[in-house]
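Colleague: Structure of the sequence below:
(chains A, B and C)
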Amino acid sequence: MIDPRPERARTAGTTAVGTERVPLLEMRGIRKRFGDLQALDGVDLVVNEGEIHALVGENGAGKTTLMNVLYGLYHPDSGTIRYRERDVRITGPRDAIALGIGMIHQHFMLVPPLTVAENVVLGDERGGPVLDDRAIEERVRGLEERFAIAVEPGARVEDIPLGLQQRVEILKVLYRGSELLIFDEPTAVLTPQEVDELFAIVRTLREEGKTLILITHKLREVMAVTDRITVLRGGRNAGELVTKQTTPAEIARAMVGREMKQLKARATPPRTEVILDVRGLEALSDRGSPALRGIDFEIRSGEILGIAGVGGNGQSELAQCLLGLRKVAAGTIRIGGIDISRDDPKRTRARGVAYVPEDRRIEGLVLAFTVADDFILGKQDRPPYAANGIVLDPAAILKAGGRLAVEYDVRPPNPRAIVANLSGGNQQKVVLGRELSERPKLIVVSQPTRGLDIAATEYVHERLLEQRGQGAAILLVSSELDEIRALSDRIAVMFEGRIVAVLDAASATEERLGLLMAGHTEAAA
Amino acid sequence: MPVASVVFALAIGAIFVLLSGHDPIAAYIDLFRGAFGSPYDITETLIQTIPLVLAGLAVAVAFRTGLFNIGAESQLLIGAVAAGAVGARFADLPGFVLFPMVLAAGIGAGAGWAAIAGYLKAARGVNEVITTIMQNYIVVFVMHWLLQNGPMTAPNALGTPASAPIGAGAVLPIIIPNELVPLTRLHAGIFLAIAAVVVFWFLLWRTPLGYELRAVGLGARAAAQAGIDPRTRIVIAMAIAGGFAGLAGMIQVTGVFHRVFDGFSSGYGFDAIAVALLGKNSPIGIALAALLFGAFARGGSIMQANAGVSAQLVSVIEAVVLFVIAAELIVRVLTARRRERKPLEAIA
Amino acid sequence: MTIDQLIGAGVLAATLRLATPILLAALGGVVSERAGVINIALEGCMLVGAFFGVVAADQSHSVVVALVAAMAVGAGLAAIHAVAAIHLRSDQIVSGMALNILALGLTSYLDYQFYGTTGTPSDLAGVPDIEIEPLAAVPFVGDVIAHQNAIVWAGLALVVLIQVFLFRTVPGLRLRAVGEHPRAAETVGIAVRQTRYWAVIASGMLAALGGAYLSLSVAHSFTDGMTGGRGFIGLAAMIFGRWTPVGALVASLIFGYGTALSFSLQGASIGDVRVPVQLLSTLPYVLTILAVAGFVGRSRPPAADGIPYETEGHA
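Modeller: I've put the predicted structure just below:
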């Protein structure tokens, strides 16, 4: 069937008008706010036809938000989009698809029980009401041959591995005649082999005249296949680079670069006993892919080990394994010499492990409870809260709650207040009060200051340092490099489920960390 | 809010009465008088209220743990059957031995039966709504089998399918002397019901277990990471719920019928859902809601006889109440979602 | 106990008759849940179909009008559930149960108001049986299928129709996508909410047809609560039949057979022991629990079943 859309009739290659290159896509001054958060603050993006363009940045930089705006999943608060030299309004995916923009999502938008072919044509089946599986499989096969993408059209999506599922996503957008393809973190779930295969497909697509935008934080991909790079940082532009003319170091600096901060001079801790010892830790993610591929590290008493890395490289899974919330596939976790890798959270905590989870509203607190009740979560069967283990003592609970609320600066310090009504910072203080008040041996802290204002952030940092001074071993997972560098004694960088380096805080410059976080391995020191 | 939903439902009910050509005021007056008009009426209302309170507690304790217990009816029935069987089998034993046995049988049967649903949810993720609905039907047919020319059947004056009478030692005595209120049937089960309400309150708000159940119901993931395993708590919650409902069944047998009649329950287990929701799963609320529905049940039959308005009007009112509550939940969910629209999910 | 009591023509004919209302409710359940909405109000839709079918038959003396009216009311009740579940995103179980109670109360109330203690009229227009002359002469088979009601045949036809629709047509493909992964469906431009509305309304109509069968084909009258839980049994058949129309048919036949047996074996005995027919009646429910718990093969509902779908970020 002949595609009636005129844009498709263009031949591949750049639209060269003389020597001037006309950009395929121009996004100017894009702003988007979510509640308190300014996710995009006047971002520009210019993409030329026929190029592979990298959109690079850390978590929270705004990459996915920007592309969701382009694809019509979000509406920008202000800004313009010009596509093929025309101003366009994209109100939903249908508009984007009609323009020729296609998105390959990070979390695949595939219907598992349907076949590959059915998934590709879903919504644009082009035939009568009768479903002719053979016809659509033929059509999909034709597409596959043209773009050298191999995946069995008759197979059910739920039966094929993730790497192949991604190809189905690609075929989907090609089927709809997309000229501009957006890839959102495409190698997140791929094996190295699959990554190479993906690069081959990407190059073929460019040869066929497609334009690609790659959202990524991995420098390997950027250097391997892209032509130009736009770097975002904190919702703003931080650099436009040409791949051939730049270096990984320069990209990393743009991604991460802040004004050089003075590191607080801190006494190097004396060599103390090892509190936490992790060897060969392996675990799977919720999607079934390997999240931890053999983690080794130890933390000593009075030491903070920071885990740096872009979110999604295994940090969450690591914290969950330590607490007993995720099944350990292999390896050991020892606290004071005892292997706790098979223990449930209750037993783990009994060994003196405290946890400040990354999602305080769902994991850290029972929002509907009072402050006093949340302070005793997990301790409800212990004196003084339950004098003989059978009966709760509300007076004691309230009293302790009042005391802790004052001690941990919860505002207002009212133990009867409902936690859901507190601000984020005060909610986090409740979590801290609960977790830190009983001299824990090991504290696992994940994104402790996410969504908090400066005052609350400083408070959290002070309390953590205080615990460190009292001899606690602290594992700090954070995507905020400032935080990692300010608090940690040593910094381990996680990338794709492994610890790629462990640095002393003093030698962990931002540039070095940025490179490591982006997967750039250093020459063996 | 609950008061408003009842008033609204009564208004809707009035519209139905009008549409069918009757006088709503007269109908409602009859309804009220039938429920509270005389001391005898009041005791009859209380007799209806007692199983409703207990069944309401059964539904509420499950709700508090985040579970939907639609099986209060079958838990009630199985408690009744167990109590009736034990009461009849050992009918000659003295009261201080027989009564605790019958009590334990009723509560235990209900608890065990409900625990099955809890276990399936905890261990295999089976939706408890499906399990308990299925269990409702299983018990109904088992009762048919037991009581219609079956193992528990015994003849009685009315000729209806029923079991042998329970021993005198198991009977709950009438607590109001005949001189005060002639022909009254109000039995000592009311004390058990009051005690159950107290136990419900004490369990949920004065024991560590109750705290854990509420934590699982309001924040299962936070509870889990704190060391409270939701799976075990789910089974325990269902068992406790079944115990309350089983007690209701046992009380109906030992206080009202003195034997097990096939089909004796007029759907208390289902009304209990509305009772629990209307009472906001809290002790006083459940007691009041149960009293309201008890009044409806008692007054409805009088209303039908006098005003010619079908007693089923009560079901209509009940359904509207339930629907309004569902709407309330909707409003709460909507406002909560708006507040919780996290920008974090949108971050690149 | 004789062979004839077990698999005689009478028992098999009764099986078809008893399976039909369950089947229609189950088909309604399949359509609704394949689109991702749990329609626990099917029992209520069945009941209003039974009642208003009788009312319409009484008023119009036309079977066609009666059936149309029954399905319209069923659709209406289902529409309320659809609004609550899809638009207001309420707890689908609570609102569904409320509608069931409403249906029961409303039909009983109106039954008393319209027909008082005398009951529904005895000369109601009824749905005719379909006599298949040539087959009637065939021994055994003729007895089983040559005299079945029109709605029985309609039910069987609907099994084929809905099976083809779901698995062999494009609209069916889209409906299944909506039930499995509504977000994916939305990103390719499928109207998720609209699809779900239609599915729920269709399910109400199917259940109502089942109810009308009970009142207009079988009993030729209406009694309070006459559906007796068949709406829930239909849901059980749907689960047991793994959310496919053909599976629902097989399950409904099994359940219908169980009930037919319990009638046929009344008073029968194996040697000295009387057959516990009521216990036989528990079979559908026990089987369903086993199926849902995963003990009898995998019984997995559509992935997005029962989860309210949130459209994110759109203006």
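Colleague: What is the burial count for residue 73?
Modeller: The chain I'm using is chain A. Counted with other CB atoms under 10 Å in any protein chain shown, residues neighbouring residue A:73 total 23. In this view, the C-beta of every residue, glycine as well, is placed from N, C-alpha and C.
Colleague: nope, chain C
Modeller: When counting by other CB under 10 Å, one arrives at 27 neighbours for residue C:73.
Colleague: Is the residue of the stretch 201-315 of chain C found nearest chain B within a helix or a strand, and which one?
Modeller: At 3.7 Å from chain B, residue C:278 is the closest residue in the stretch 201-315 of chain C, using CB to the nearest CB. If you go by DSSP states H and E, residue C:278 is part of helix C:277-281.
Colleague: Which helix runs longest in chain C?
Modeller: When chain C is parsed with DSSP state H, its longest helix is helix C:9-34.
Colleague: So which bits of that one are buried?
Modeller: Applying a neighbour-count criterion of 16 or more other CB atoms under 10 Å in any protein chain shown, one finds C:11-34 buried in helix C:9-34.
Colleague: C-terminal to that helix, what's the next element?
Modeller: helix C:42-60.
Colleague: give me the number of residues near residue C:271?
Modeller: Residue C:271 sits with 6 neighbouring residues when counted by other CB under 10 Å.
Colleague: can you give me the helices in the stretch 401-525 of chain A?
Modeller: A:424-436, A:454-469, A:481-487, A:510-517 (DSSP state H, counting those that start in this stretch).
Colleague: Mind telling me what element the residue in chain C that chain B sits nearest to is part of?
Modeller: Minimum separation of chain C from chain B (CB to the nearest CB) falls at residue C:105, amounting to 2.5 Å. Using DSSP H and E, residue C:105 sits in helix C:92-115.
Colleague: For the helix or strand following that helix, name the packing helices and strands.
Modeller: For helix C:92-115, the succeeding helix or strand toward the C-terminus, using DSSP H and E, is helix C:133-136. If you count contacts as 3 or more CB pairs under 8 Å, 6 or more residues apart in numbering or on different chains; DSSP states H and E, helix C:133-136 packs onto helix C:141-145.
Colleague: what residues does the helix it packs on touch?
Modeller: Residues from elsewhere that reach helix C:141-145 (CB atoms under 8 Å, 6 or more residues apart in numbering or on different chains): C:9-10, C:12-13, C:16, C:132, C:135-136.
Colleague: So which bits of that helix are buried?
Modeller: C:142-145.
Colleague: Now do stretch A:388-398: distance from first to last residue.
Modeller: The first and last residues of stretch A:388-398 sit 17 Å apart, counting by CA to CA, to the nearest Å.
Colleague: buried residues in that stretch?
Modeller: Under 16+ other CB under 10 Å, the buried positions of stretch A:388-398 are A:392-393, A:396-398.
Colleague: Then stretch B:115-132?
Modeller: B:115-122, B:126-132.
Colleague: near chain C too, which of those residues?
Modeller: Among the buried residues of stretch B:115-132, the ones lying near chain C by CB under 8 Å from any CB of the partner chain are B:120, B:126-127, B:129-131.
Colleague: farthest-separated two in the residues you listed?
Modeller: Farthest pair in those (CB to CB) is B:120 and B:129. Separation: 11.5 Å.
Colleague: got a list of what residue 58 touches?
Modeller: Since you didn't name a chain, this refers to chain A. A:217, A:233, A:255-256, A:310, A:479, A:481, A:517 are the contacts of residue A:58 under CB under 8 Å, 6+ apart.
Colleague: think we crossed wires, I meant chain C
Modeller: Applying CB under 8 Å, 6+ apart, we find residue C:58 in contact with C:120-121, C:124.
Colleague: The residue of the stretch 51-200 of chain A found nearest chain C is in what secondary structure piece?
Modeller: Residue of the stretch 51-200 of chain A nearest chain C, by CB to the nearest CB: residue A:123 (3.2 Å). Residue A:123 belongs to no helix or strand when elements are defined using DSSP H and E.
Colleague: hang on, the earlier thing: what helices or strands is the helix holding residue C:105 leaning on?
Modeller: helix B:268-278, helix B:313-339, helix C:42-60, helix C:63-82.
Colleague: can we see that at 6 Å?
Modeller: If contacts are counted by 3 or more CB pairs under 6 Å, 6 or more residues apart in numbering or on different chains; DSSP states H and E, helix C:92-115 sits against helix B:313-339, helix C:42-60.
Colleague: Look at the most centrally placed residue in chain B and report its pLDDT.
Modeller: Geometric centre of chain B, nearest residue: residue B:55, 1.9 Å, by CA atoms, centre = their mean. With respect to pLDDT, residue B:55 scores 97.
Colleague: how about the nearest residue to it, chain neighbours excluded?
Modeller: Nearest non-adjacent residue to residue B:55, counting by CB to CB, 6 or more residues apart in numbering or on different chains: residue B:272, 3.4 Å away.
Colleague: what's near enough to touch the one you found?
Modeller: B:55-56, B:59, B:72 (CB atoms under 6 Å, 6 or more residues apart in numbering or on different chains).
Colleague: Check the gap between it and residue C:143 for me.
Modeller: 47 Å (CB to CB, to the nearest Å).
Colleague: How about residue A:157?
Modeller: Distance check for residue A:157 against residue C:143: by CB to CB, it reads 48 Å.
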